[in-house]
Structure formats: C-alpha cells, structure tokens
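Q: structure for this input, please:
(one chain, ligands or ions: 1)
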Amino acid sequence: MDADGSAARDGGAPEGGVSEAERELFGGALVYDTSWARYEEERYQLGLRTMVGGTPRLVGTAVRLAWRADRRATLLVAAAELGRSATQAVALLGVNRLLATLLAEGEMAGRLRAALPVAVLLGCAALIGAVCGALSTLGSGPLEPKVERLAREQYLERAYQVEMAAMEDDEFHRLLESAQFGATSARTMIRHCVAVVSALLSLLAAATVLTALHPVLLPMLVLMVLPRAWATLSVSRRRYRSFHRWVQHSRGASMLARLMTDTDAAQEIRVHGIGPYILRHFRGMSLSQESEQARLARQAARTELLAAACTGGAALATYLILAWLLWGGTMALAAAGTAVLAIRTGAAQLDSLVRQINYLHEESLYVGDLDRLLAESAHRRIPSGGQRLPATVERVTFEHVTFSYPGEGNAPVLDDVSLTLPLRRGAVIALVGENGSGKSTLAKLLCGLYLPQRGSVRWDGVDAAVIDRQDIFARCAVVHQDHYRWPMTARVNATISRTGTPVDEERLARSAAQAGVDELIPELPRGWQTLLSRTFKGGHQLSGGQWQRLGIARAHYRGAPILIVDEPTAALDAKAEQRIFDQIRSLADGGQTIVLITHRMASVRRADLVHVLHEGRLVESGTPEELLAREEEGHYRSLYDLQAAQFAPVPAPRGGR
Ligand SMILES: Nc1ncnc2c1ncn2[C@@H]1O[C@H](COP(=O)(O)OP(=O)(O)OP(=O)(O)O)[C@@H](O)[C@H]1O
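A: Below is the predicted model:
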C-alpha cells in the first residue's frame, strides 16, 4: 500500500490488493497477460554500471538498424555529430585563449586587437556548430521513419508468413504482441542514440579541456553529476514498478471507458440504464490511479531535491578547489573562467548522457523482442518451395490423421481419421457431425493451414508436408460462417481473394450473380465503391446476411478448384438460404468440387458423398441414400430424423376448445 493509503481510500487497487471495481465487475484481481512483465526483473536491476556497460552494444544495434535503412543519412548524422563536438572543443579552448588575452597586462586597445582573431574563430566555431546541428537534424529526420518502416515491414511480413500453428501458440503470440512495439522503439532508439553520441562527444570535449586545465577538475565533474544520475534512475525504476503494479487496473479502467462508447453495447447501456453504474466504477478506478500518480510525483520531488542538494555540495566543493588553485597561483584567472564554463557544459552533457542511456535501454528491450520474433518466425514460417502439384489432382486422402491444436494439454480434435475426398469436377462432399466434432478442423487441414501430428494428408498420394504449400492454398477457396469483413469497399471485399491479377470485371459480375450480390450492389450509396465500414465517414453497414453473400461472391471470384463452404447460410433468411444451396450446386456443376460443412440435413441430401464425424473420429461414410437406408440407426440417420421431426405436422389437440 502507498505511504498515504490514498489508493485504498478511493476504493482503488492498493499494492497487491483488489479494488472494489475489480471485485464487483471482474470477480477478482485483473490479471492481464502482459508480455511487458518479462522485463520487470531486468529493469528493476538496471543499475548505473549495467547501463553504462551495455551501452556500446545498444549503440551498435541502433547503428546497424540505421545503416540498413539509409547509409547516406547515417553517415551524414555521424559526421555532423563529430563536427559539432569538435567545434565545442575548439570553442572552449578559444574561450580560454580569449580570457587569457583580455586579462593579460597592457593597454586595453592592444588587448582587444589581440583578442579579435580569437573572437572571429569563436564566431566561426559557433557557425560551424550550428550548421552541423542542422545537418544532423536533416539526416536523422528521414532516418527515423525509415528505420521504423523497415522494422515494421519485417514484423508484418513475418506475421503473415508463419504457420497457423504459430499464430495460435500462446508463447509466439505473446512475442508477436510485445514485438509490435519494436518498430516504434527502433525509431526512438535512433533518436536516443544520436543524443547519446552527441552528449558523449561533447562531454569528451569538455573533459579534455578540463583535464588540460587541471586533472583534479575531472573527478569533480563526475561527482557533480552522480547524484542526478542516481535520481534519474530511481525515479524511472519507481515509475516502471508502479506501471507493472497498476497495469491491469488501468487497462480495466480503459476497457470500462471503451464499453461506454461501444456501438454493440450502446442499446443495452441505454435501455437497461447501465451508464451510471459503469461510470461510477470508472471514476473509482481513475481516482485511485490519480492518487498513485500523486504519490509518485511526491517521491520524485523528494528524490530530486536530495540529488540537487548533493550536486550543489559537489559544485561548491569544485568552486572551492578552483578558488584554492587560483589562490595558490597554480591556475590563471583565464583558465579558471574556462574551467567554470567547461564544468557547466560537461555537467549538462553528463546529465543528458545518463538520461539518454536510460531511454536507450528502455527502448532496446522492445527492439530485442523484435529481434527475437524475427529469429523465432524464421523457424516457424510456412516452408517455401517443395513438390509442385500437377494441373489436376484426383483425390485428397486423409491417412490415419491425428491432430490437436497447439497448446499444452489440448486433446486430439481429429483422432485417427482416414477418408478420401474425390476431387471430381462437380462433386459435392458433405462433412456432417455435431458441434465440435472436428469438421472445420478437417477442412483446415485440407487447405494446408495445419499439418497433422500423426498420419498424413495426401494429394494424389503426395504428402502435403512435402508439397509447396502455396500450391495447396491456390487450389482452395473458403467461405466461413464468420468470414472476415474487410473494412474496405464492396469491390475489394468481393475481389480480395485474387489480388495477384487486376480485377476481372466479367468474373466479378459472374461471382456477384452467383452469390446474389448483384441485387444488393445497386442499392448501396456508391455501388461497388461503397466503403463497408462505419468507422470511416461515408461508410455503410451491411446486414449479417448481406455480408455472407459478399463472402460467397469472394470465394467464387477466387475460382479455385476446391470450394470449402463452412456453414454458409447461418445468417441468411430461408429464401436466401435456398438460393445459396442452389447456387452451391450450380458451382459444382460449373466444375468446382464443393466441400460442404453444414448442419442443415436437407442440404446434405443433395451431396454426392457424406463423411460423418463424431468426437473427432470418422464414424460413417457414403451417399446420403446409403446412409439413410442403413438398417441400424447410425449418426447420420439419427441427425436427419431429428431435423425431419421438427418439420412434421403438429397433431391437432384432441377435444381442445
Ligand atoms: N483454433 C483452435 N484452437 C484450439 N481448439 C480449437 C480451435 N478451433 C477449434 N478448436 C476445438 O476443436 C474442436 C473441434 O472444432 P471444430 O471447429 O473443428 O468443430 P466443428 O465440427 O466444425 O464444430 P461446429 O459444428 O460447432 O462448427 C472443438 O472442441 C473446438 O473447441
């Protein structure tokens, strides 16, 4: 709990506790799986020595990133920073010379004349320093976004290239989440790195001049800065600890705020009067966060005051040493003036150096994640190349396929399944079974999204594991019950399944007609160009059924030999459903093989072959007629009878009034 107990007073989440809102709304302490937490130990232990020791490595990483992004800009920044620090050293020495000339014995006019060339030199140094500063800005300005873009592109590329199994692996997903900050951090790292190099070089210039004036002044400079370095580190460590302690709490509060403006929740919030209830808890959570911020500010103020007192003491000691050197005649007055200037410059640079190194370390943790992701995704990417498939494949066979989704303790979803899918042109193959029996999973294995742990999926006898996966993808198109709603135009939504070639208008018209989208498009405000997202101005929202038709048009537009249709009619009205099944049949007649996953047994009756799954095992296979004609009641017949019974006429009540 904090020193004042203010968080507890506000009903918030004191250290290690559970707030009132958490208890009431979330049933206990919120535990978000935040990958940031992995840095906790590392950051807590971040001492001055570790930071300084690790800095060359970090600067190296930043320079490598910058070099890859833009060599010319990197060289420009490096040269400009070197130039700037050189001019600073020259300026300090110039000041020394200037003071020595002005404070020398003799007539004032003569001393001024003698000082003129040095003054000109100082002016030139200032000008060159300013030009170098401008050049550094010129170089680092475009360099930073380039580094960020490159890092982000790499990240995104790896994200879509890895296997589905990696996307569903918790560990990999966590890495994916934390590495997303890597690109922005890489950009920021460049800025901090330039600042570190700049501060380091300027410090070097000041230190060289100081050492030349008197060696005792250098340790005094360090003594002046150490307390401030300690304060910076302590404050940042405390901020970081607090962040981790409060992260769940503040995410919970943000979630409450989002709920209040969420369109899906809007109706209930109004009709059930939920607004004031959520607002009250949001206020409670926010108040306790405010009190935590106030506590941190009080601690930071105390630390900084203490550090300032120590720095003041060190400065006083330095000036006393200077006075003693002057008194003893060891140092000339001009040299003492230069020393004061060099101490001030050096102290400011050392201070900036510590702060920038601190930032550099913070950012490097996220860049490190990005590096780890790039390495890890290289092992988990979908292999490129492999055996090519012939132009036509006659069948896909599942041979003793056992498959479980990635993750510890996941039971097999498909268990020793062996079946054949004949890819005859015009065939409709239905996959039937209760919820969770493994139908969609089987379809995912068919289109190459996963490979089985045991057994094999064979395309005309060739194991999918050795086939070029892009070849398998190219042969499949999928319509899901919850296919993705791309927040783009209707045209893009229908044609995004085939992005490798320019849009074929005739093909698009055919697909639209097949899916019944042709009637919908003229009704949209901008026809095919209508933006299907309410997030943007002028966007339009389709109904669930209209989206579904667009999804079917998309799958048809792909023109793949195998069309996997997974519960395509869940959001359609009865008329549209009938029409879709007629169209699916006609797609098959048009030459595609349809793999149909549905619970509507009436639609399955028109299939050429039915495979029935039950709890991950294949329990029946045959034509619908064969399965219905079986003597013993199998799974298929019982599912069929159950649905048929729902449509049987209800007997009129006997003797009813
Ligand atoms: N991505 C996933 N990760 C882990 N488990 C999954 C995943 N997808 C499905 N499952 C599990 O696999 C089992 C089979 O799911 P699947 O979607 O293949 O069944 P289904 O027969 O298509 O079901 P439904 O008729 O309800 O659509 C279920 O127990 C489900 O919880």
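
Q: pLDDT wise, what is residue 614 at?
A: pLDDT, residue 614: 93.

Q: ok, it - contacts?
A: Contact analysis of residue 614 by CB atoms under 8 Å, 6 or more residues apart in numbering lists 433, 434, 437, 635. Placement of C-beta: from N, CA and C, glycine included.

Q: of the residues you listed, closest to the ligand?
A: residue 437 (4.2 Å; CB to the nearest ligand atom).

Q: now name the helix or strand holding that closest one.
A: Using DSSP states H and E, residue 437 sits in no helix or strand.

Q: residue contacts, it?
A: With contact set as CB under 8 Å, 6+ apart, residue 437 has these partners: 613, 614, 615, 616.

Q: PyMOL command for the buried members of these?
A: Restricted to buried positions by 16 or more other CB atoms under 10 Å, the PyMOL selection for the contacts of residue 437 reads:
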select buried, resi 613+616
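
Q: narrow the contacts of residue 437 to those in strands?
A: Counting by DSSP state E, the part of the contacts of residue 437 found in strands is 613, 614.

Q: make TSV out of the contacts of residue 437 and add distance to residue 561.
A: Listed next are the contacts of residue 437 as TSV, based on distance: CB to CB, whole Å:
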residue	distance to residue 561
613	23
614	29
615	31
616	27
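
Q: ok so, going back, give me the buried subset of the contacts of residue 614.
A: Buried members of the contacts of residue 614, scored by 16+ other CB under 10 Å, are 433, 437, 635.

Q: tell me, which of those make contact with the ligand?
A: Residues of these in contact with the ligand (CB under 6 Å from any ligand atom): 433, 437.

Q: where does confidence bottom out across the buried ones among the contacts of residue 614?
A: Ranked by pLDDT, the buried ones among the contacts of residue 614 bottom out at residue 635, which has 84.

Q: go ahead and confirm that residue touches residue 433.
A: Yes. Counting by CB atoms under 8 Å, residue 635 does reach residue 433; the two are 7.3 Å apart.

Q: so which residues of the stretch 151-300 of the chain form strands?
A: Using DSSP state E, counting those that start in this stretch, no strands are found in the stretch 151-300 of the chain.

Q: I meant to write the chain there.
A: Taking DSSP E, the strands of the chain run over residues 395-403, 414-422, 428-433, 454-459, 462-463, 476-479, 562-566, 593-597, 609-614, 617-622.

Q: the first one to strand 617-622, inter-axis angle?
A: When you say that, I think you mean strand 395-403. Put simply, strand 395-403 runs at 160 degrees to strand 617-622, going by axes from the mean of the first three to the mean of the last three CA atoms, to 10 degrees.

Q: ok, the fourth one next?
A: Inter-element angle recorded for strand 454-459 and strand 617-622: 30 degrees (by the same axes, to 10 degrees).

Q: pLDDT at the residue of the stretch 151-300 of the chain found nearest the ligand, what is it?
A: As assessed by CB to the nearest ligand atom, the ligand sits closest to residue 168 within the stretch 151-300 of the chain, at 5.3 Å. Turning to residue 168, the model gives it a pLDDT of 82.

Q: again with residue 637
A: 85.

Q: and residue 599, by the same measure?
A: At residue 599, the predicted lDDT confidence score is 84.

Q: quick one: low-confidence parts of this structure?
A: Residues of the chain that meet the criterion pLDDT under 70 lie in 1-19, 21-23, 26-52, 240, 244, 568-574, 576, 586-590, 647-657.

Q: could you tell me which residues of this structure lie near the ligand?
A: Within the chain, the positions near the ligand by CB under 6 Å from any ligand atom are 168, 405, 413, 433, 435, 436, 437, 438, 439, 440, 441.

Q: show me how this structure divides into domains.
A: 1-31+215-330, 47-214+355-382, 395-646 (automatic domain parsing).

Q: residue 345: which of those domains is closest?
A: Closest approach to residue 345 among the domains of the chain (CB to CB): domain 47-214+355-382, 4.7 Å.

Q: centre of the chain versus the closest one, how much separation?
A: Relative to the centre of its chain, domain 47-214+355-382 is centred 25 Å away, using CA atoms, centre = their mean, to the nearest Å.

Q: how about stretch 312-329?
A: Worked out by CA atoms, centre = their mean, stretch 312-329 lies 54 Å from the chain centre.

Q: for residue 147, which non-adjacent residue is spatially closest?
A: The spatial neighbour of residue 147 that comes closest, neighbours along the chain excluded (CB to CB, 6 or more residues apart in numbering), is residue 69 at 4.5 Å.

Q: repeat that for residue 591.
A: Nearest non-adjacent residue to residue 591, counting by CB to CB, 6+ apart: residue 425, 4.6 Å away.

Q: what is the burial count for that neighbour?
A: Residues within reach of residue 425, counting by other CB atoms under 10 Å, total 12.

Q: same question, the one 4 residues further on
A: Here the neighbour count serves as a burial measure; for residue 429 (other CB under 10 Å) it reads 25.

Q: just checking, it touches residue 595?
A: Yes. Applying CB under 8 Å, one finds residue 429 in contact with residue 595, separated by 5.2 Å.

Q: common neighbours of these two, please.
A: Taking CB under 8 Å, 6+ apart as the contact rule, the neighbours common to residue 429 and residue 595 are residue 421.

Q: that older thread, export the strands of the chain as JSON lines, with columns for distance to residue 386.
A: Converted to JSON lines, these look like this (distance: least, CB to CB, whole Å):
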{"stretch": "strand 395-403", "distance to residue 386": "16"}
{"stretch": "strand 414-422", "distance to residue 386": "21"}
{"stretch": "strand 428-433", "distance to residue 386": "25"}
{"stretch": "strand 454-459", "distance to residue 386": "11"}
{"stretch": "strand 462-463", "distance to residue 386": "10"}
{"stretch": "strand 476-479", "distance to residue 386": "16"}
{"stretch": "strand 562-566", "distance to residue 386": "19"}
{"stretch": "strand 593-597", "distance to residue 386": "22"}
{"stretch": "strand 609-614", "distance to residue 386": "27"}
{"stretch": "strand 617-622", "distance to residue 386": "27"}
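
Q: out of those, nearest to residue 341?
A: For residue 341, the closest of the strands of the chain is strand 476-479, at 72.0 Å, according to CB to CB.

Q: note down every partner strand of the closest one and its orientation.
A: Partner strands and pairing direction for strand 476-479 (DSSP bridges) are strand 562-566 (parallel).

Q: using CSV, write out every CA atom in the partner strand.
A: Provided in CSV are the C-alpha atoms of strand 562-566 (Å, rounded to 0.1, in the frame of the first residue of the first chain):
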residue,chain,number,x,y,z
ILE,A,562,-11.9,-26.7,-54.3
LEU,A,563,-14.5,-24.6,-52.6
ILE,A,564,-14.9,-25.2,-48.9
VAL,A,565,-18.2,-23.9,-47.7
ASP,A,566,-18.4,-23.9,-43.9
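
Q: start at 57, not 1
A: Understood, numbering begins at 57; the last thing we discussed is strand 618-622.

Q: please compute how far it lies from its chain's middle.
A: The chain centre lies 31 Å from the centre of strand 618-622; the measure is CA atoms, centre = their mean.

Q: burial of the residue nearest to residue 244 when sequence neighbours are not counted, as a residue count?
A: Leaving out its chain neighbours, the residue that sits closest to residue 244 by CB to CB, 6+ apart is residue 419, at 5.1 Å. The number of residues packed near residue 419 is 23, by other CB under 10 Å.

Q: coming back round to it: just the buried ones from the residues of the chain next to the ligand?
A: If you count burial by 16+ other CB under 10 Å, the buried members of these come out as 469, 489, 493, 494, 495, 496, 497.

Q: any chance of the domains of the chain in a markdown table, plus distance to residue 396?
A: Listed next are the domains of the chain as a markdown table, based on distance: least, CB to CB, whole Å:
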| stretch | distance to residue 396 |
| --- | --- |
| domain 57-87+271-386 | 7 |
| domain 103-270+411-438 | 10 |
| domain 451-702 | 59 |
